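Novice: no sequence on hand, only this structure:
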């Protein structure tokens, strides 16, 4: 028998797949930016993740590329760290949303 945590994970994944189909997310090209701040000595860290999928004004029905290659290549983790005063930054992507029901 599956554990409660596993059943909840499967339920969450099923919901996410249904949600992504209803929002027309299949094959959306997106990018994530991770930004970490806080105090590295004490271990009091906070992180944020920014995702290009739902950028205001974009219409996924007409254009599923929310992370154009030229823009993605222009991003600099050093500039992002400096802008936010962060300890670290990472860029994940661009990649395609592949969830299907």
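Specialist: That came through fine. Here the structure is a predicted model, which is why all the values come from computation and not from measurement.
Novice: now the helices for the protein?
Specialist: 4-22, 69-74, 77-84 (DSSP state H).
Novice: weakest of those helices by average pLDDT?
Specialist: Lowest mean pLDDT within the helices of the chain: helix 4-22, at a mean of 57.
Novice: what about residue 80, distance to residue 97?
Specialist: Separation of residue 80 from residue 97 (Cβ to Cβ, to the nearest Å) stands at 23 Å. C-betas here are computed from N, CA, C, even on glycine.
Novice: ditto for residue 64
Specialist: Taken as Cβ to Cβ, the span from residue 64 to residue 97 is 9 Å.
Novice: what is in contact with the two at once?
Specialist: Residues touching both residue 64 and residue 97 comprise 27, 28, 29, with contact defined as Cβ atoms under 8 Å, 6 or more residues apart in numbering.
Novice: those residues in strands, which ones?
Specialist: residue 29 (DSSP state E).
Novice: tell me the one of the shared contacts of residue 64 and residue 97 nearest residue 40?
Specialist: Nearest to residue 40 out of those is residue 29 (Cβ to Cβ; 33.1 Å).
Novice: that's all I had, so thanks and see you.
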